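Student: Pasting the sequence and the predicted coordinates here, then a few questions.
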Amino acid sequence: MKYSASSLSFPQGSVKRLKNLDKRIGIEIFYEFASEDMWNHVLEEAMVDREGEFSIHSPMFYADVCYSEEKELIRELVAPFKMYHRFNGQFYVLHSQGERNLPSDEKERTELRKKVTERIKLFSEICEFEGVTLAVENLYKGTPEPLFNQEEYIHLFEEVPKAKALIDVGHAVLGHYDIYEVQKALKERLIGYHVHDNDGTRDFHWRMGAENGVVDWDRFCLGVKQYTPDATLVMEYARAKLEDYTEDMEKFEGKLANIKEGL
């Protein structure tokens, strides 16, 4: 199993601390949370002798796959490619919807889904040409329902055959996904996870096993072991200390080692 830590817990003033992260753990950056110069400076040191791999979370606040003008959207999305290659990126994460609230009218949602699917397909072709592995993430933003429900999200990868999938566990819980069934359906197309917990009402980005968390981590780990053993678990925590990532990596390793088939 591969593990990584999101830069979410490291605001701009503390990103230099990433160099002290356990070398077995990779790094995934929120590209737009610091300048490119800052990231290059930090990663030049943080990635030295690191066993864990590098990945990028695409711009999201100024690159809305639903509503941005298409040429501007693509311009923003390709901006991190140079950094991706410089640090031997493993995958590049793209949200399957934007930050704005979605329409509730089903006809409008259907049209928007079609538009977003075409945009993701276009971007996946650009990624393939540029040697970038695209991983499309499920999203939930407090709208009545995510733009892609579980069935639609799975179908997206039939429509966009060159893209990989990344399941955000916290978003999946809020969006009423059965994560195990998604794992079973997508198998090797599912190359990564954003792992974090919440109480089923808000996207808190708690650590795995938080006191009020609702994620069934045993069933999740069963699906990982059965269907996606080569995927990367990106610990995407809102608040965590450096040692928390090592501790949780070892907890996941323990669960995966002890999980019983047919749980």
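Tutor: Sure, I can see it. Numbering: from 1, shown residues only.

Student: Flag every buried residue along stretch 166-177.
Tutor: Buried residues in stretch 166-177, counted by 16 or more other CB atoms under 10 Å: 166-175, 177. No exception for glycine: its C-beta is placed from N, CA and C like everyone else's.

Student: between those, which is closest to Thr133?
Tutor: Sorting those by distance to Thr133 puts Leu166 at the head of the list, at 10.4 Å, by CB to CB.

Student: Tell me which helix or strand comes right after the host helix or strand of that closest one.
Tutor: Assigning secondary structure by DSSP states H and E places Leu166 in strand 164-168. As assigned by DSSP H and E, the chain's next helix or strand after strand 164-168 is helix 169-174.

Student: Distance of Val182 relative to Pro146?
Tutor: 13 Å (CB to CB, to the nearest Å).

Student: Dump the buried residues of stretch 166-177 to TSV, plus distance to Ser104.
Tutor: Supplementary listing: the buried residues of stretch 166-177 in TSV, determined by distance: CB to CB, whole Å:
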residue	distance to Ser104
Leu166	27
Ile167	25
Asp168	23
Val169	26
Gly170	23
His171	19
Ala172	21
Val173	22
Leu174	17
Gly175	15
Tyr177	20
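
Student: all helices of the stretch 51-200 of the chain, in order?
Tutor: Listed in chain order, the helices of the stretch 51-200 of the chain (DSSP state H, counting those that start in this stretch) span 70-78, 81-86, 106-130, 150-159, 169-174, 179-186.

Student: Please identify the most buried of these.
Tutor: Highest mean neighbour count among the helices of the stretch 51-200 of the chain (mean count of other CB atoms under 10 Å): helix 169-174, with a mean of 23.

Student: what comes into contact with it?
Tutor: If you take CB atoms under 8 Å, 6 or more residues apart in numbering as the criterion, helix 169-174 is touched by 137-140, 146, 179, 182, 193-198, 200-205, 214-215, 220, 236.

Student: Could you list which of those belong to strands?
Tutor: Within these, membership in strands is found for 137, 193-195, as judged by DSSP state E.

Student: how about those residues in CSV, adding distance to Ile56, neighbour count and pLDDT?
Tutor: Listed next are the ones in strands among the contacts of helix 169-174 as CSV, based on distance: CB to CB, whole Å; neighbours: other CB atoms under 10 Å; pLDDT from 0 to 100:
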residue, distance to Ile56, neighbour count, pLDDT
Glu137, 12, 21, 98
Tyr193, 16, 27, 98
His194, 13, 26, 98
Val195, 18, 27, 98
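
Student: possible to save these as CSV with distance to Ile126?
Tutor: Written out in CSV, the entries for those read as follows (distance: CB to CB, whole Å):
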residue, distance to Ile126
Glu137, 18
Tyr193, 24
His194, 23
Val195, 28
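
Student: Closest to Tyr92 out of those residues?
Tutor: Glu137 (10.6 Å).

Student: ok so, going back, could you identify the buried members of the contacts of helix 169-174?
Tutor: The neighbour-count test (16+ other CB under 10 Å) marks 137-140, 146, 179, 182, 193-198, 203-205, 215, 220, 236 as buried among those.

Student: what stretches of the stretch 151-263 of the chain score poorly on pLDDT?
Tutor: Flagging of the stretch 151-263 of the chain using pLDDT under 70 yields the residue ranges 261-263.

Student: Pretty sure Ile126 sits against Phe81.
Tutor: No - checked against CB atoms under 8 Å, the pair Ile126 and Phe81 is beyond contact range at 9.0 Å.

Student: Now do the shared contacts for Val182 and Pro146.
Tutor: For the pair Val182 and Pro146, residues contacting each of them under the criterion CB under 8 Å, 6+ apart are Tyr153.

Student: If you count neighbours, what's buried in stretch 86-95?
Tutor: By neighbour count on 16+ other CB under 10 Å, the buried set for stretch 86-95 is 87, 89-95.
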